[in-house]
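Novice: Any chance you could fold what I've pasted below:
(2 chains)
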Amino acid sequence: MNNAVIKAAGYILVHTQDMIMHNGTTQTVEKRVNPDSEYLKAVPNHLRSYEEVINYAPNQVYIGNMTPEALGQMEKPWVGQDVPNASRYGKFGEIMPQEDFIMMIKNADVFDLVMLEENFVAQYLEAYKSHELITEEEINRIGKGQKLEDIQTAVAAHGEAIYHNNQLVGCVKKAHDVDPNLNAHVMFENLVVKASGVLAFKHLIAKNNINVEDIDYVIECSEEACGDMNQRGGGNFAKAIAEAVGAVNATGSDLRGFCAAPTHALISAASLVKAGTYKNVVIVAGGATAKLGMNGKDHVKKEMPIIEDVLGGFAVLVSANDGVNPVIRTEYVGRHTVGTGSSPQAVIQALITMPLDLAGLKITDIDKYSVEMQNPDITKPAGAGDVPEANYKMIAALGVKRGEMERSDLKEFGEKHGMQGWAPTQGHIPSGVPYLGFAIDDMTTGSVNRAMIVGKGSLFLGRMTNLFDGVSVILERNPGKVQESGSISKEEVNKMIAEAMRDFAKHLLAE
Amino acid sequence: MDLENQNRVKALTEEHGAENIVVIFGAAEAESAGLAAETVTAGDPTFAGSLAGVELGLSVYHAVEPAFKDAVDFDVFDEQVGMMEMVLDVEEIESEMTNIRNEFCKYL
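Specialist: Okay, the predicted model is just below:
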């Protein structure tokens, strides 16, 4: 049976400077419990400009303008260092400014819930029109905008305000009078997920010469839920995003699993393709406004800018084997099961050595491990350490315990088999999948033969279980052989012969 | 420290008495372990949770500290914590926890 391949990937960031204060939960909770706090007063002085966000090395890596290796050569911290030749657009996508994204939120809305202020529209529509991925139909749907007084009235009637450069420029109205799951706040978060997912999907299609009508299925794997009071997480972001990008031959569904969801989605997509159910499956996720400025208090305390100032999104196309792109070896999957236990050791064993043992490989046989690729500039000042580095240390320590490595190799394992983290701390966004775009190059024209994608999730945050979760899968360079459907592989023939010989031997022994 | 965890530590302390509670931490960094330990001894330094201004003074240890390691079954420790012991900066964590214990613990 043919394994599916990673065909293409799109990655986007959106600079959302005003949403940090108005929609990031660290700030909105602070406003509620401690409205006069020094922190809230300090936030406006710790925001980065759009140019600073563009020039920031980890962001340039996220959109494919810089490689993880080049990032690894730079001194840390990266914040404050401008990257030469930084650009809004990259190989995988773009870093969109807030004004364009607010227009995209309007375009994501099909229930007439988003109002934009007329002067805002007048000022920024021209620039939005020039975006090559925005269609004429989308431009027309922006309209002329509405009067500020009407927006103020809507905000007063429990609407969720949208700000740009500290000015009220729009709002999302509640979608139901009393339903808490359709209130303006929830609708805003959901429209942001949809709009940022749409942007990533558009880049995936446009940058890789993909016919969007060839997409059969979409799996959305962010961390929000859409539905009403009778079905809180009924769905379906996937189909809404597919509709918005013109994937007319696709349906889809939402897959949830906290930060582990993208890797679950990758394995599911690859399995659907391998089984022949669908030929082309896109996994897609938008970003979470709630996590903007999540560690802002620590960043402000350490006199840093608040660098959790971007939303992240990605879209990855998983397709039938083309004999070229990296193969997703769904036979070699690691999973944290209910019985695994929650110690880091048990988790790492389940995620790392389970697939290796299935494949008959050692820890050092994997060239690149893509773990939780969180940017250490964000996590270290917040006391959470360097997350990828900690993961590499744990993998290496397991290698030592298994007798596959020397203790003295612990330190350099991360340099050889790992990468510096470049993804924003948007939960599902950094989890395993940021490397997929680079994996295509590294495993076709580059020198990487095997990679492992690892996703982990903190299920206990949902208060339904104390369990942790995680899954992983091995990617391999494509051997270039595409098996015709209906035929059987050499491995399968070998397995059948081996089984026949075993049966024969048993038979002889019995006699 | 997570607000819900603060509630749970507070409730357990009220139920069993502060002198009978030992809190074991597993945070990967000395700083974050120290902050959590400070929360259940001197009170929530971020003033966000139910332990804000509450000086429980509980006994605090990190799972990689020798004091904890020596008190538990070696095989279980090796299976559950052995790998992390190799990875974490045990000395830094022990020093941070010792400081918190010396300064804020009431039941040692």
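Novice: Tell me which residues of stretch A:234-242 come out buried.
Specialist: In terms of neighbour count (16 or more other Cβ atoms under 10 Å in any protein chain shown), stretch A:234-242 has its buried residues at A:Gly235, A:Asn236, A:Phe237, A:Ala238, A:Lys239, A:Ala240, A:Ile241, A:Ala242. C-beta coordinates here come from the backbone N, C-alpha and C atoms, glycine included.
Novice: Contact partners for A:Glu160?
Specialist: Going by Cβ atoms under 8 Å, 6 or more residues apart in numbering or on different chains, A:Glu160 touches A:Cys171, A:Val172, A:Ala184, A:His185, A:Met187, A:Phe188.
Novice: among the residues you listed, which two are most distant?
Specialist: When the contacts of A:Glu160 are compared pair by pair using Cβ to Cβ, the farthest-apart members prove to be A:Cys171 and A:His185, with a separation of 11.1 Å.
Novice: Compare neighbour counts for these two and give me the winner.
Specialist: Residue environment comparison for A:Cys171 versus A:His185 gives the larger neighbour count to A:Cys171, 28 against 17, counting by other Cβ atoms under 10 Å in any protein chain shown.
Novice: So which residue of chain B lies furthest out from the middle?
Specialist: B:Asp75 (22.3 Å; Cα atoms, centre = their mean).
Novice: Could I get the contacts of A:Glu160 in JSON lines, plus columns for distance to chain B?
Specialist: Listed next are those as JSON lines, based on distance: Cβ to the nearest Cβ, whole Å:
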{"residue": "A:Cys171", "distance to chain B": "29"}
{"residue": "A:Val172", "distance to chain B": "28"}
{"residue": "A:Ala184", "distance to chain B": "25"}
{"residue": "A:His185", "distance to chain B": "20"}
{"residue": "A:Met187", "distance to chain B": "26"}
{"residue": "A:Phe188", "distance to chain B": "24"}
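Novice: Among the residues you listed, name the ones in strands.
Specialist: Judged by DSSP state E, strands contain the following of these: A:Cys171, A:Val172.
Novice: Now flag whichever of the contacts of A:Glu160 is closest to A:Lys274.
Specialist: Using Cβ to Cβ, A:Met187 is the member of the contacts of A:Glu160 that lies nearest A:Lys274, at 37.3 Å.
Novice: check contacts around that closest one.
Specialist: Taking Cβ under 8 Å, 6+ apart as the definition of contact, the neighbours of A:Met187 are A:Leu113, A:Glu160, A:Val172, A:Lys173, A:Lys174, A:Ala175.
Novice: So the third one sits against A:Leu191, correct?
Specialist: This means A:Val172. Yes. Counting by Cβ atoms under 8 Å, A:Val172 touches A:Leu191, with 6.4 Å between them.
Novice: what do the two both touch?
Specialist: Taking Cβ under 8 Å, 6+ apart as the contact criterion, the common neighbours of A:Val172 and A:Leu191 are A:Ile105, A:Asp109, A:Leu113, A:Val114.
Novice: Next, give phi and psi for the residue lying closest to the third one once chain neighbours are set aside.
Specialist: Distances taken as Cβ to Cβ, 6 or more residues apart in numbering or on different chains place A:Lys173 nearest to A:Leu113, at 4.8 Å, with adjacent residues excluded. Taking degrees, to the nearest 10, you get phi -80, psi 160 for the backbone angles of A:Lys173.
Novice: For A:Ser253, grab phi and psi.
Specialist: phi -160, psi 160.
Novice: From A:Arg329, how far off is it?
Specialist: Computed with Cβ to Cβ, to the nearest Å, the distance linking A:Ser253 and A:Arg329 is 24 Å.
Novice: that older thread, could you tell me which of the shared contacts of A:Val172 and A:Leu191 belong to strands?
Specialist: Within the shared contacts of A:Val172 and A:Leu191, residues falling in strands by DSSP E are A:Val114.
Novice: Find the pair from the shared contacts of A:Val172 and A:Leu191 with maximum spatial separation.
Specialist: Taking every pair in the shared contacts of A:Val172 and A:Leu191 and measuring Cβ to Cβ, the maximum separation is 9.8 Å, between A:Ile105 and A:Leu113.
Novice: what's near enough to touch A:Arg335?
Specialist: Contact partners of A:Arg335, counting by Cβ under 8 Å, 6+ apart, are A:Ala350, A:Leu351, A:Met354, A:Gly470, A:Val471, A:Ser472.
Novice: same check, this time on A:Lys481
Specialist: Shown in contact with A:Lys481 (Cβ under 8 Å, 6+ apart): A:Gly323.
Novice: Assign it to helix, strand or coil.
Specialist: Under DSSP: H, G, I helix; E, B strand; the rest coil, A:Lys481 falls in the coil class.
Novice: And A:Val14, by the same measure?
Specialist: strand.
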